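Student: give the three-dimensional model of this entry:
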Amino acid sequence: METQHPPIDRLLDVFDELSSEELDRVEKRLVSAREKKNGYDRISTPSPAPVARDLFAISFGEYLAMSREERDALQISAYENFPKWIEQELDRHNARWILVCGGKVVESGPTLRSYPRSPKVRTVGEQYGLAPFVFVRGPIMG
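Tutor: The predicted structure is shown next:
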C-alpha cells in the first residue's frame, strides 16, 4: 500500500493539468533545485531563455516565476534576437534607454539619470500582464 502525502498528491494532480511547455519549465526548475540541494549551485549555468517563441509574449506571472539567472538570460536573448529593432526604437524615441512590454515601447529616456527603477519596471509588467524589458543604448560604463 502506498503512503499518502496530500500536498504531494495535490501537486501531482496539478502536473497532470500542465501543458508540455509548462512541464518543461517545471522540469528545469526541479533540476535546478536538486543541484542547489546537492551543492552544485555555484557551477550550474543559467537556463537559456525561451527563444522558440516570442519573448515579448511571456506572461508577467511566468516572468515572476523565473530565477534571477533566467530573467538575465531572457534579457540577453532579447538583445541577441532583436538588435536591429532595439536600435531602431532607441533612435525613434531619441533615447538612451527604452522600457518595452509586449513589444511596444512604454517609456523612454534621453539619459541614464531617468533609467526606470525596479518598482517602475515591475508596475509596467503588472499593468500589461507581460514580461518587461529595459534596453540601453551603448555601454553603461565607459
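
Student: which residues of the protein fall in helices?
Tutor: Ranges of helices within the chain are 6-17, 20-37, 60-65, 68-81, 83-92, 118-128, based on DSSP state H.

Student: for burial, what's the neighbour tally of the closest residue to residue 66 other than its chain neighbours?
Tutor: Excluding the flanking residues, the one nearest residue 66 by CB to CB, 6 or more residues apart in numbering is residue 74, at 6.9 Å. To be clear about C-beta, it is placed using only N, CA and C from the backbone, and glycine gets the same treatment. Using other CB atoms under 10 Å, residue 74 has 22 neighbouring residues.

Student: just residue 56 next, same as before
Tutor: 17.

Student: nearest spatial neighbour of it, chain-adjacent residues omitted?
Tutor: Closest to residue 56 by CB to CB, 6+ apart is residue 103, at 3.9 Å.

Student: thought that neighbour was touching residue 58?
Tutor: No. Contact criterion CB atoms under 8 Å: residue 103 and residue 58 do not qualify, at 11.0 Å.

Student: who has more neighbours out of those two?
Tutor: Taking other CB under 10 Å, residue 103 and residue 58 do not tie; residue 58 has more neighbours (21 against 14).
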